[in-house]
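>>> Provide a 3D model corresponding to the input given below.
(one chain, ligands or ions: 1)
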Amino acid sequence: MSIRIVFIGAGRMASAIVRGLLDKEHYLPEEIACTCGDDPTGPTLAEETGIHYFADITNALYEAEAVVLACKPQQFNAIDTTLADAATGKLVLSILAGTPLARLSEKFAKARNIVRTMPNTPGQIGAGVTAFAPLRGLTEKDFGIVENTLSSLGNFHEVDESDLDAVTALSGSGPAYVFEFVAALREAGINCGLDEGLAESLAIDTLLGSAMLLADSESAPEDLRDAVTSPGGTTAAALKVFQEGDLRGLVDKALAAAKARSLELAQE
Ligand SMILES: NC(=O)c1ccc[n+]([C@@H]2O[C@H](COP(=O)([O-])OP(=O)(O)OC[C@H]3O[C@@H](n4cnc5c(N)ncnc54)[C@H](OP(=O)(O)O)[C@@H]3O)[C@@H](O)[C@H]2O)c1
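Got it, this is the predicted structure:
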C-alpha cells in the first residue's frame, strides 16, 4: 500500500486532521505519513494511530499525492529544498497562520496547486471552522482532498485570499474573545456573590448551551436575544448596560485591530 498523504508537523492540528481522516475512513493508516522536529510528536502520533513516521519524509512525499504543512510558521523556513522539490506535482495544503500563498509558492514552486487555510483552535477537537483559499481553481479531485482534510477540523468555507486577514480577525482569533467573555462572566458572577467554581461552571454551560441553541435554530442571534429579553426584565437591564458601553463598537475596533495586525505580520 503506498503513501497518499504526508504531514510536515505532527502536533495538535496535524493530529486532529489525521484522526479525522482515519475516523471517516478517507485513508488507511498505512497511506498516511508524518514527520516532526526535535520533540517526539511524530513517533507518538504514529504509535497512537498506526500511520508512518519518518525522520526524513522526502521519499514518502515522492509517493504521495498531497502534503499538509502543519508545523509552526516559524519552522517553515527550515523546510529544505530537497523536500520542497519532492513536492513537485503534488497538492500542498498549508495550515500555517499568516503565511501568504506568495511565500508558499516561492518554496513549493513546482506544486500542482497550493491551498492556504486559516483554521481555529476548536479544530483540535473537530469543532473548528476553517477558511481556505487556493492558488488556482481546484480540480474535483483536489477539492475532494481539501474537503476530506478540512472536514476533520470542523466546518470550512472557500474564500479569496484577500479575505483571510478578516477571517483571521473573526474566527482565527475569535475563540480567544469568547474565552475572555466567559472569564468576564465568571468574574462578574463572583462579584454578584457566587463562589468561583459555580460562577465558572455557569458561565461555561451558558456559552455551550447558547452556542448549541444558535447552531440548532434558524433564527438570527438578535432574534434569540430578543426571545429571552422581556421589556423591563433582568436581561433588558443588562443589555442596556452593554448598549450604553457600546459593546458592538468595541468588538468592531477589536476586529479591525486584529485584521490590521494580520496584514502587518504578512509583511514581516
Ligand atoms: N493550534 C491551533 O488551534 C491553530 C489554529 C490556527 C492555525 N494553526 C496553525 O497550525 C499550525 C500547527 O499548529 P499546532 O498547534 O498543531 O502546533 P504544534 O502542536 O506546536 O505542532 C507543530 C508541529 O510541527 C513540528 N515541527 C517543528 N519543526 C519542524 C520541522 N523543521 N519540520 C517538520 N516539522 C516540524 C513539531 O514537531 P516537534 O514538536 O516534535 O518538534 C510539531 O509536530 C501552525 O502553523 C499554526 O499557525 C493552529
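>>> Return the residues of the stretch 101-250 of the chain in contact with the ligand.
Residues of the stretch 101-250 of the chain found near the ligand (Cβ under 6 Å from any ligand atom) are 119-121, 123-124. In short, each C-beta sits where N, CA and C put it, glycine included.
>>> Make a markdown table from those and add secondary structure, pLDDT and neighbour count to it.
Below are those laid out as a markdown table (DSSP: H, G, I helix; E, B strand; the rest coil; pLDDT from 0 to 100; neighbours: other Cβ atoms under 10 Å):
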| residue | secondary structure | pLDDT | neighbour count |
| --- | --- | --- | --- |
| 119 | coil | 94 | 25 |
| 120 | coil | 94 | 23 |
| 121 | helix | 93 | 17 |
| 123 | helix | 91 | 25 |
| 124 | helix | 89 | 17 |
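>>> so which of the residues you listed would you say is closest to residue 164?
Among these, residue 119 lies closest to residue 164 (Cβ to Cβ), at 11.4 Å.
>>> burial measure for the residue of the stretch 151-268 of the chain found nearest the ligand, as a count.
Per Cβ to the nearest ligand atom, residue 172 is where the stretch 151-268 of the chain lies closest to the ligand, at 6.1 Å. Residue 172 has 24 neighbours, counted by other Cβ atoms under 10 Å.
>>> Averaged pLDDT, the host helix or strand of residue 43. What do you get?
Assigned by DSSP states H and E, residue 43 falls within helix 41-49. For helix 41-49, mean pLDDT rounds to 98.
>>> Quick check: which helices or strands does the helix or strand following that helix pack against?
On the C-terminal side of helix 41-49, the closest following helix or strand by DSSP H and E is strand 52-53. In terms of contacts (3 or more Cβ pairs under 8 Å, 6 or more residues apart in numbering; DSSP states H and E), strand 52-53 is packed against strand 32-35, helix 41-49.
>>> give me the low-pLDDT residue ranges for the stretch 1-150 of the chain?
The model of the stretch 1-150 of the chain has pLDDT under 70 over residues 1.
>>> so where do the helices sit in it?
With DSSP state H, counting those that start in this stretch applied, the stretch 1-150 of the chain shows helices at 12-23, 41-49, 58-63, 81-86, 101-107, 140-151, listed in chain order.
>>> Give the buried residues for the last one.
In other words, helix 140-151. Going by neighbour count (16 or more other Cβ atoms under 10 Å), the buried part of helix 140-151 is 142, 145-146, 148-151.
>>> Return the closest of the residues of the stretch 101-250 of the chain next to the ligand with respect to the ligand.
Nearest member of those to the ligand, counting by Cβ to the nearest ligand atom, is residue 121, at 3.4 Å.
>>> so what's that closest one up against?
By Cβ atoms under 8 Å, 6 or more residues apart in numbering, residue 121 lies in contact with 128, 175.
>>> Can you name the residues that contact residue 65?
Counting by Cβ under 8 Å, 6+ apart, residue 65 has contacts 4-5, 90-91, 145.
>>> got it, and residue 89?
Residues near residue 89 by Cβ under 8 Å, 6+ apart: 110-112.
>>> Can you say which of those residues are buried?
Here, 16+ other Cβ under 10 Å leaves 111-112 buried among the contacts of residue 89.
>>> Just put the contacts of residue 89 in a markdown table and tack on distance to residue 58.
Shown next, in a markdown table, are these (distance: Cβ to Cβ, whole Å):
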| residue | distance to residue 58 |
| --- | --- |
| 110 | 14 |
| 111 | 15 |
| 112 | 18 |
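>>> Please identify which of the contacts of residue 89 is nearest to residue 235.
Nearest to residue 235 out of the contacts of residue 89 is residue 111 (Cβ to Cβ; 52.5 Å).
>>> Isn't the closest one up against residue 86?
No - using Cβ atoms under 8 Å, residue 111 is not in contact with residue 86, being 10.5 Å away.
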